[in-house]
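Novice: Return a 3D structure for these sequence lines:
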Amino acid sequence: MKIESVDVWLVEGIKYNWTLLRITTDTGHTGVGEATNWPGSPLVYHAVKHLGHHIIGLDPRRIDYIWTKLYRDFNWQGPTGTMMCAMSGIDMALLDLKAKLLDVPCYELLGGAFRTKILLYANYWFTIGGHNPEDYARQAKVVVDAGFTGLKFDPFAHTNYLFGDDLTSNLTLTPQQEGLAYDIVAAVRETVGDEAQLMIETHAFLSMPTAIRMAKKLEPLGITWYEEPAGPESPRILRYLNEQIPIPLCVGERHYARWDFRNLLGEYAVDYIMPDVTRCGGPNEMKRIATLAETSNVQVAPHNPNGPLSTLASAHVCAAIPNFFRQEFMFNDVSWRDKVIDHPLPIEDGYLVLSDRPGLGVDLVVDVMEQHPGILETKPGFYV
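Specialist: Down below sits the predicted model:
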């Protein structure tokens, strides 16, 4: 059996394009994967196509060999970023293909299931209305009424994720903005009650003094984690922040592969990690990262503001690790999310319930993907 082709599609999502792919063998077997990252989805698309050409003729069942070959062959491009996203999607598709060959769910090839009901937390639930306590509280009620017991949001008015285009370029907040952020979180807490978990996102868009000051203000509201109070460049800075901030820290969406996470965990810098299956190296690499985190007694909460294959692949890893916490889920999304796959995402009362279908449990629907091609020109609120 040999890899015969690697097909790639850019598909429009709610905030950015999904990069979806399918690997086909000379025997007609297929596996599907996702390599979504943003901004820069055209770069990821072409990286997947380029790395896809590099693996034509290889045996798709040699998943770890192919991962290592790509990592070493393309290391001169840098072992992170676009190249690793392409590798992540290929790893996912190869795992899906092999599991379908063996007629087992992906989690069986990842060590077997600890669980098949994957606890989710909601993100992107705050898209209707303004940046004020009343609209956040109203929308939070919709989330908990739908059965979700965890909500993540950025209360700091970071409505634009491009540097310098929103708020200030020195990453500070005015006293009014600090007060508004507190009032929004307080309103959400009052709405959802004491049992729901609140995760506060900063997008690494706060200066160090601002991040520390706001964490101390928000701590009495019972925050589960404080996300990315600094960028990924220095584990020592994150460790310093963790010592200063009275809320558990969560980072990892901008960390790549086991070596990046080894440095992070070796500094005892965080309390939760959030690897992204479309960035960190794919589901097999995420399983290795989770095992590494287990040695530091750190729980895993995968980052997942992506497409449906990312959601499923993350869930299969979550099924197979002992140190799972929660998985991110896009509460509001495009209407075709469940139509680009041949079975809808099985969401029930705040859980994703994995089926026992082979592989990821789905295949891509090409006609629907082609009806929603990726956007290639910048528009407000969308990150090409």
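
Novice: how about the strands in the protein?
Specialist: With DSSP state E applied, the chain shows strands at 3-12, 17-25, 30-34, 117-123, 150-153, 197-201, 223-227, 249-251, 272-273, 299-300, 327-330, 347-348, 351-353, listed in chain order.

Novice: any idea how far the residue lying closest to G150 once chain neighbours are set aside is from G266?
Specialist: Excluding the flanking residues, the one nearest G150 by Cβ to Cβ, 6 or more residues apart in numbering is Y121, at 3.0 Å. Glycine gets a C-beta too; all of them are placed from N, C-alpha and C. Y121 sits 27 Å away from G266, going by Cβ to Cβ, to the nearest Å.

Novice: how does this structure divide into domains?
Specialist: For the chain, the domain assignment from automatic domain parsing gives the residue ranges 3-104, 108-360.

Novice: Of the ones you listed, give the one that comes closest to G374.
Specialist: domain 3-104 (2.7 Å; Cβ to Cβ).

Novice: can you map out the helices along the protein?
Specialist: 41-54, 63-73, 81-102, 106-109, 133-145, 175-192, 208-218, 235-244, 257-266, 283-294, 308-319, 366-371 (DSSP state H).

Novice: and among those, the most buried is which?
Specialist: Here the criterion is mean neighbour count by mean count of other Cβ atoms under 10 Å, and of the helices of the chain the winner is helix 308-319, at a mean of 29.

Novice: Show me the one of the strands of the chain that comes nearest P209.
Specialist: With Cβ to Cβ as the criterion, P209 lies closest to strand 223-227 of the strands of the chain, at 14.6 Å.

Novice: now the closest one: mean pLDDT?
Specialist: Averaging pLDDT along strand 223-227 gives 98.

Novice: Report the angle between it and helix 208-218.
Specialist: Counting by axes from the mean of the first three to the mean of the last three Cα atoms, to 10 degrees, strand 223-227 lies at 170 degrees to helix 208-218.

Novice: residues contacting the closest residue to Q139 other than its chain neighbours?
Specialist: With sequence-adjacent residues excluded and distances taken as Cβ to Cβ, 6+ apart, Q139 is closest to F126, at 5.2 Å. Residues near F126 by Cβ atoms under 8 Å, 6 or more residues apart in numbering: D135, Y136, Q139, A140, F153.

Novice: Just give the nearest non-adjacent residue to the second one, would you?
Specialist: Excluding the flanking residues, the one nearest Y136 by Cβ to Cβ, 6+ apart is I184, at 5.0 Å.

Novice: wait, doesn't the one you found sit right on D135?
Specialist: No. The pair I184 and D135 fails to qualify as a contact (Cβ atoms under 8 Å) at a distance of 9.0 Å.

Novice: one step back: can you check which of the strands of the chain gets nearest to G164?
Specialist: Closest among the strands of the chain, using Cβ to Cβ: strand 197-201, at 19.0 Å.

Novice: Contacts for that closest one, please.
Specialist: So strand 197-201 is in contact with 121, 149-155, 185, 188-189, 192, 218, 221-228, 247, 250, 326, going by Cβ under 8 Å, 6+ apart.

Novice: Could you tell me the angle between that strand and helix 175-192?
Specialist: 160 degrees.

Novice: JSON lines for the domains of the chain, including distance to K379?
Specialist: Below are the domains of the chain laid out as JSON lines (distance: least, Cβ to Cβ, whole Å):
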{"stretch": "domain 3-104", "distance to K379": "11"}
{"stretch": "domain 108-360", "distance to K379": "13"}
